[in-house]
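1. Okay, predicted coordinates and the sequence, questions at the end:
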Amino acid sequence: MAISAEAASLGEGVAQMPQDADRSERPLGSFFARLFAKIAARRRAGSEDALSPAALAPDDVATAILLSLCLHILLASPWWLSAPEPEPLAMRIALAPPAKSIAAPQPLGTQNGTERLTEQELPPLDEAGMAELRAGQGKRINACMRCTLTRGDFSGGLYRIANLRHADMREANLEEADFSASRLMGANLSRANLRGTRLQGALLSGADLRLADLSGARMLGVWIEGANFTGANLTGANMTEIDMADKARFREAVMHNVDLRRSNLAGMDFYKADLSGADLRFGKGLTQAQLDYACGDTRTRLPKGLTIRPCVNPSK
């Protein structure tokens with residue numbers, strides 16, 4: 001087949017292009033120019049294999065394959081069209097450090113120490129300190145964590161919402177005092193006098209009340225989870241609507257006429273407890289196994305279907 005003069009001249013121009021030795025230094029545009037020139041020349045020459053790999057040099061074929069693979073990857077995964085999802089905002093709230101005690105580290109009952117004492121290891125109160133505390137009863141204890149208040153006289157005082165966590169109040173006199181909604185977690189109240197004390201909504205979790213006198217105490221909705229009432233006197237105490245009472249121990253406790261209606265009694269330990277006259281109606285979680293270790297009398301009121309054995313030697 002005859003080749004036209006125009007195609008022949010185009011082919012001579014292509015042949016005069018730089019050889020393979022300097023192809024690595026040519027820009028990508030020159031590669032496409034050479035590729036299209038060769039294809040156009042062979043088409044004009046009437047070659048049927050104008051697009052055949054044989055029409056190109058080996059390095060041109062490799063470059064074309066590499067470019068086709070790159071185009072396939074880019075078109076198959078258009079990462080530039082999908083913007084990354086914004087990361088969720090992390091709210092960081094900087095909590096203010098706990099306020100320092102505004103009171104001097106002096107024994108509770110002094111003029112500077114009555115209002116607020118936080119995390120102070122205090123010596124036992126003396127008679128002069130207690131007399132001053134009773135005289136200024138308008139002031140109340142806001143916080144006295146881990147305080148030593150052994151044998152202190154707080155009778156009739158107003159200590160609502162006080163923070164007395166882990167305070168040592170062994171053998172203290174708290175008769176008729178108001179500790180409503182106070183935090184007494186882990187406090188040591190063993191052998192303390194709590195007759196008629198108001199403890200509504202108080203937190204007594206883990207508190208030690210062994211051999212304490214809680215007769216007539218008002219403990220509506222008190223939290224006693226893990227508290228120890230072993231040997232305590234709870235005669236006539238109002239303990240209705242208690243919820244957090246798991247693992248509370250009432251071993252050998254005197255619970256005459258105690259009111260436990262509508263309380264969560266699951267997990268309470270009544271081993272050798274005297275429930276004579278106690279009212280446990282509508283109690284939740286109470287089992288026969290718990291009552292088998294306790295005793296009562298004909299006045300003991302229980303949920304339907306449960307029974308209790310009579311006390312052989314009723315507690316006084």
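-> Received the coordinates, thanks. Numbering: from 1, shown residues only.
2. residue ranges of the helices in the stretch 201-316 of the chain, please?
-> 288-291 (DSSP state H, counting those that start in this stretch).
3. Low-confidence bits of it, can you list those?
-> Applying pLDDT under 70 to the stretch 201-316 of the chain flags the ranges 314-316.
4. Number of residues surrounding the nearest residue to residue 245 once chain neighbours are set aside?
-> With CB to CB, 6 or more residues apart in numbering as the criterion, residue 245 has its nearest non-adjacent residue at 5.1 Å, and that residue is residue 224. Glycine gets a C-beta too; all of them are placed from N, C-alpha and C. By the criterion of other CB atoms under 10 Å, residue 224 has 28 neighbours.
5. how about residue 287, what does it touch?
-> 266, 306 (CB atoms under 8 Å, 6 or more residues apart in numbering).
6. Tell me which residues touch the nearest residue to residue 252 once chain neighbours are set aside, please.
-> Once flanking residues are discounted, residue 252 sits nearest to residue 272: 4.6 Å by CB to CB, 6+ apart. By CB under 8 Å, 6+ apart, residue 272 lies in contact with 251, 252, 293, 294, 295.
7. Quick check: residue 173 touching residue 195?
-> No: if you go by CB atoms under 8 Å, residue 173 and residue 195 don't touch, sitting 9.3 Å apart.
8. Would you agree the residue nearest to residue 245 is in contact with residue 242?
-> Yes: with contact defined as CB under 8 Å, residue 224 reaches residue 242; the gap is 6.5 Å.
9. Provide a list of residue ranges in the stretch 1-150 of the chain with pLDDT below threshold.
-> 1-36, 38-62, 64, 71-142.
10. let's see it at 50
-> Scanning the stretch 1-150 of the chain for pLDDT under 50 picks out 1-4, 6-8, 10-25, 87-125, 136-139.
11. Spatially nearest residue to residue 276, not counting backbone neighbours?
-> Using CB to CB, 6+ apart and skipping residues adjacent in sequence, the residue nearest residue 276 is residue 297, 4.3 Å away.
12. List the residues that contact that neighbour.
-> So residue 297 contacts 276, 277, 310, 311, 314 (CB under 8 Å, 6+ apart).
13. Then residue 194?
-> 174, 175, 209, 212, 213, 214, 217.
14. try it again with 6 Å
-> Applying CB atoms under 6 Å, 6 or more residues apart in numbering, we find residue 194 in contact with 174, 212, 214, 217.
15. quick revisit: top of the contacts of residue 272 by number of neighbours, please.
-> Highest neighbour count within these: residue 294, with 24 neighbours (other CB under 10 Å).
16. quick one: the residue nearest to it when sequence neighbours are not counted from residue 298, how far?
-> Nearest residue to residue 294 in three dimensions, chain neighbours excluded: residue 270, at 3.9 Å (CB to CB, 6+ apart). Here residue 270 is placed at a distance of 18 Å from residue 298 (CB to CB, to the nearest Å).
17. the more surrounded of those two?
-> In this view residue 270 and residue 298 are compared by other CB under 10 Å, and residue 270 has more residues nearby, 26 against 8.
18. And the more buried one, its phi and psi?
-> Taking degrees, to the nearest 10, you get phi -110, psi 30 for the backbone angles of residue 270.
19. Quick check, it in contact with residue 250.
-> Yes: between residue 270 and residue 250 there is a contact under CB atoms under 6 Å: 5.4 Å.
20. what's the closest of the contacts of residue 194 to residue 180?
-> Closest approach between these and residue 180, by CB to CB: residue 217, at 11.6 Å.
21. Put the buried members of the contacts of residue 194 into a ChimeraX selection.
-> A single ChimeraX command is used to select the members of those judged buried by 16 or more other CB atoms under 10 Å:
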select :174,212,214,217
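22. With distance to residue 148 as added columns, please give the contacts of residue 194 in CSV.
-> Shown next, in CSV, are the contacts of residue 194 (distance: CB to CB, whole Å):
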residue, distance to residue 148
174, 15
212, 18
214, 22
217, 23
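23. circling back to that earlier point, compare the contacts of residue 297 and tell me which is most surrounded.
-> Ranked by the number of neighbours (other CB under 10 Å), these place residue 276 first, at 22 neighbours.
24. just checking, that residue touches residue 296?
-> Yes: here residue 276 reaches residue 296: they are 5.3 Å apart, a contact under CB under 6 Å.
25. Give me the phi and psi angles of the residue nearest to residue 252.
-> Torsion angles at residue 272 (phi, psi; degrees, to the nearest 10) stand at phi 60, psi 20.
26. Equivalent analysis for the one 4 residues further on, please.
-> Per-residue torsions, residue 276: phi -60, psi 120 (degrees, to the nearest 10).
27. Could you measure from it over to residue 169?
-> Residue 276 sits at a distance of 29 Å from residue 169 (criterion: CB to CB).
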